[in-house]
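Peer 1: What follows is a protein structure lacking sequence information:
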């Protein structure tokens with residue numbers, strides 16, 4: 001078996017493209033970035049990305065397919081050595097709230113190609129203006145914000161935990177890290193967390209004794225949160241949905257269980273120091289993610305990640321996509337009438 005068709009072990013959460021694979025991916029990304037109308041959110045560009053995603057390097061394509069089948073013990077995959085901006089052509093880090101990528105670039109195209117190989121890249125109309133490729137950057141005055149614009153410690157969370165159509169995967173690609181190279185992505189897998197929890201605690205976490213609040217931007221009616229379990233699915237291999245900034249326990253026993261869960265998360269998370277060209281793919285059904293604190297300088301060279309959301313089952317969200325596109329309409333009544341998985 002050649003080096004380019006060798007199947008990477010599912011147990012290894014780190015996958016590095018060799019230089020030939022990087023060049024092959026870069027060629028596809030250049031083609032996609034050059035596709036008219038050169039706008040990431042345009043349906044014609046998205047369709048080109050969908051088509052070109054089948055032409056990824058074979059070894060990468062095989063690893064992504066195995067990841068969608070089983071995300072492994074760590075419920076994440078770290079891809080390394082992806083194509084980035086040419087040396088000397090790196091743009092400055094955005095510094096405004098709501099920053100997104102609208103015009104196609106080679107890095108954003110490579111990120112989209114990988115997302116489309118996993119499933120369908122999607123967005124939410126109430127978040128980052130519905131852009132498919134979003135910037136995660138520190139914003140002046142928002143240092144303590146619990147979200148992508150902050151630079152204080154970001155609490156561990158499921159992405160859009162409140163939403164019944166939350167992403168299956170979250171992709172975070174590093175354009176540049178912070179000046180001191182101390183900002184680290186934190187990922188905690190349910191497969192490492194649950195073994196630390198006593199059976200009675202797991203049983204409580206499976207019961208509908210918790211609510212998860214939505215951000216104000218999603219325009220949910222007050223008190224509309226439905227009680228739900230934090231653990232769902234198989235008792236032997238459950239999914240995990242929680243945001244430690246917005247999850248509320250509905251009774252004292254549930255509060256104790258939530259506290260023990262957070263303690264287990266703190267004991268099991270792993271830290272990833274992302275370098276330019278690294279892409280962390282997090283299984284949002286099984287893993288939480290967060291970040292430690294860092295100090296931005298707001299000088300155009302701060303930490304900059306580009307983010308995508310991916311759904312495996314695109315059909316499931318069709319009622320929330322009136323035009324059949326990639327963006328979910330998230331108005332309160334539509335969201336309340338969406339079936340929770």
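Peer 2: Structure received. The shown structure was predicted, so the numbers you read here are calculated from the model rather than taken from an experiment.

Peer 1: what number of residues lie near residue 175?
Peer 2: 24 (other Cβ atoms under 10 Å). For glycine as for every other residue, the C-beta is placed from the backbone atoms N, C-alpha and C.

Peer 1: Look at it and report its pLDDT.
Peer 2: Per-residue pLDDT puts residue 175 at 97.

Peer 1: That one reaches residue 302, doesn't it?
Peer 2: No. Judged on Cβ atoms under 8 Å, residue 175 makes no contact with residue 302 at a distance of 10.3 Å.

Peer 1: residues contacting residue 52?
Peer 2: Residues near residue 52 by Cβ atoms under 8 Å, 6 or more residues apart in numbering: 28, 31-32, 113, 116.

Peer 1: Among those residues, which are located in helices?
Peer 2: If you go by DSSP state H, the contacts of residue 52 have 28, 31-32, 113, 116 in helices.

Peer 1: Among the residues you listed, name the buried ones.
Peer 2: Listed as buried from the ones in helices among the contacts of residue 52 are 28, 32, 113, 116; burial here means 16 or more other Cβ atoms under 10 Å.

Peer 1: now those as JSON lines including pLDDT?
Peer 2: Shown next, in JSON lines, are those (pLDDT from 0 to 100):
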{"residue": "28", "pLDDT": "98"}
{"residue": "32", "pLDDT": "98"}
{"residue": "113", "pLDDT": "98"}
{"residue": "116", "pLDDT": "98"}
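
Peer 1: of the residues you listed, closest to residue 327?
Peer 2: Checking those against residue 327 by Cβ to Cβ gives residue 116 as the nearest, at 15.3 Å.

Peer 1: about what we covered before: can you pull the residues that touch both of residue 175 and residue 302?
Peer 2: Taking Cβ under 8 Å, 6+ apart as the criterion, residue 175 and residue 302 both touch residue 93.

Peer 1: burial of residue 80, as a residue count?
Peer 2: Residue 80 has 16 nearby residues by other Cβ under 10 Å.

Peer 1: Also residue 19?
Peer 2: Neighbours of residue 19 under the rule other Cβ under 10 Å: 8.

Peer 1: now swap in the one 5 residues further on and tell me
Peer 2: Residue 24 sits with 19 neighbouring residues when counted by other Cβ under 10 Å.

Peer 1: and what of residue 71?
Peer 2: Residue 71: 24 neighbours (other Cβ under 10 Å).

Peer 1: So in terms of bridging, what pairs with the closest residue to it other than its chain neighbours?
Peer 2: Using Cβ to Cβ, 6 or more residues apart in numbering and skipping residues adjacent in sequence, the residue nearest residue 71 is residue 283, 3.8 Å away. Judged by DSSP bridges, the bridge partners of residue 283 are residue 169.

Peer 1: for residue 283, what are its contacts?
Peer 2: Taking Cβ under 8 Å, 6+ apart as the criterion, residue 283 is in contact with 67, 71, 75-76, 168-169.

Peer 1: Residue 150 too?
Peer 2: The neighbours of residue 150, taking Cβ under 8 Å, 6+ apart as the test, are 138-139, 142-144.

Peer 1: same deal with residue 135?
Peer 2: Taking Cβ under 8 Å, 6+ apart, we find residue 135 in contact with 94, 99-101, 148, 304-307.
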